[in-house]
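J.: I would like to see how this sequence folds:
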Amino acid sequence: MAAKEFFDGLEARADRAKLEGLEHSYLFDIEGEGRWLVSVSGGEVSVTEGDAPADVTITTSGETFDRIRSGKQNPLLAYMSGKLKVDGDTGAAMKLQKLF
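T.: Numbers count the residues shown, from 1 in each chain. Sure thing, here's the model as predicted:
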């Protein structure tokens, strides 16, 4: 699944029960594929394509993103090995694992 397909369907797939009390915005910069802003607020997820200010920016290659998304790559190990970069609120980034 390409990153665009993932983000296009994210609002419908998000587990609303896990979103309660979270108020963060995430900018995903998937190299060669695009940028998406994912906002979590009021128990809802909204996704917009493009560049925008966010609490945290996550940058990675399309290949690494696909491996993380499919469960073949641990996001923490990808971060520690430099395959995934996090700029901003790292605490908010850590919460992503339980959300999606």
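
J.: quick one: the strands in this protein, in order.
T.: 24-31, 34-41, 44-49, 56-61, 84-88 (DSSP state E).

J.: so for residue 9, which of these sits nearest?
T.: Among those, the nearest to residue 9 by C-beta to C-beta is strand 44-49 (9.0 Å). C-beta: built from backbone N, CA, C; applies to glycine.

J.: specify the beta-bridge partners of residue 60.
T.: residue 30, residue 84 (DSSP bridges).

J.: right, and it touches residue 82 too?
T.: No - between residue 60 and residue 82 there is no contact under C-beta atoms under 8 Å: 9.9 Å.

J.: quick one, which of the two is more surrounded?
T.: Taking other C-beta atoms under 10 Å, residue 60 and residue 82 do not tie; residue 60 has more neighbours (25 against 8).

J.: got a list of what the more buried one touches?
T.: Residue 60 makes contact with 29, 30, 31, 68, 78, 83, 84, 85 under the criterion C-beta atoms under 8 Å, 6 or more residues apart in numbering.

J.: mind putting those in JSON lines, pLDDT, distance to residue 93 and neighbour count included?
T.: Shown next, in JSON lines, are these (pLDDT from 0 to 100; distance: C-beta to C-beta, whole Å; neighbours: other C-beta atoms under 10 Å):
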{"residue": "29", "pLDDT": "98", "distance to residue 93": "13", "neighbour count": "16"}
{"residue": "30", "pLDDT": "98", "distance to residue 93": "15", "neighbour count": "22"}
{"residue": "31", "pLDDT": "97", "distance to residue 93": "17", "neighbour count": "14"}
{"residue": "68", "pLDDT": "93", "distance to residue 93": "12", "neighbour count": "21"}
{"residue": "78", "pLDDT": "95", "distance to residue 93": "12", "neighbour count": "18"}
{"residue": "83", "pLDDT": "98", "distance to residue 93": "14", "neighbour count": "18"}
{"residue": "84", "pLDDT": "97", "distance to residue 93": "9", "neighbour count": "20"}
{"residue": "85", "pLDDT": "97", "distance to residue 93": "10", "neighbour count": "12"}
